[in-house]
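[1] here is the input, now give the coordinates:
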Amino acid sequence: MDMWGYALTAGFTTGADLTGFKVEATDGSIGKVDKHSDAVGAACIVVDTGMWIFGKHVLLPAGVISRIDPDERKIYVARTKEEIKNAPEFDKEKHLGDPTYHESVGTYYMGMPGH
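    Residues are numbered from 1 along each chain as shown. This is a model prediction of the structure:
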C-alpha cells in the first residue's frame, strides 16, 4: 500500500481543490482541510482540527483517505479520531515537505492493525 498516494477507489481527481472540505474519521468529524498536496510520493491533506484537539493541525497521508465526496465536500478517512490524535505532532512551519517527518507519519499509519 502506498501511504503517500490516493487509492484509485478514493475518487480523487488530479488537480481538484480539496481546501475547505470537511474531514470525517470513522467515528466522527475531525475538522476541515487547510492545505493539500497531490504531489507524487507525497500526497497528503493538512487538517485544521479547530477545537477538537485545541486548534492543532494534523497531516494525513493520502493513503488513509477512503472516499472523497465532492458533492458533500467531505473526505472520509479510514482511521479513528483517537488514531489521528495520537499521530506524530504536526507543525506546518517545520514539517510540511520534510521527508523525515513524512517517513515517521507513514510508519505510524502503516503500523496499525489491518493496514
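
[2] helix or strand with the lowest mean pLDDT in this structure?
    helix 92-95 (a mean of 84; mean pLDDT, DSSP states H and E).

[3] next, the buried residues of whatever helix or strand comes next after that one.
    With elements assigned by DSSP states H and E, the helix or strand that comes after helix 92-95 is helix 99-110. By 16 or more other C-beta atoms under 10 Å, the buried positions in helix 99-110 come out as 101, 102, 105, 106, 109. Where you see a C-beta, it was placed from the backbone N, CA and C, and this is true even at glycine.

[4] which among these gets closest to residue 24?
    residue 109 (16.7 Å; C-beta to C-beta).

[5] circling back: among the buried residues of helix 99-110, which pair sits farthest apart?
    Going by C-beta to C-beta, the pair spanning the buried residues of helix 99-110 furthest: 101 and 109, at 12.9 Å.

[6] the top strand by length along the chain: partners in the sheet, and parallel or antiparallel?
    Ranked by residue count and defined by DSSP state E, the top strand of the chain is strand 28-37. Strand pairing for strand 28-37, determined by DSSP bridges: strand 22-25 (antiparallel), strand 44-48 (antiparallel).
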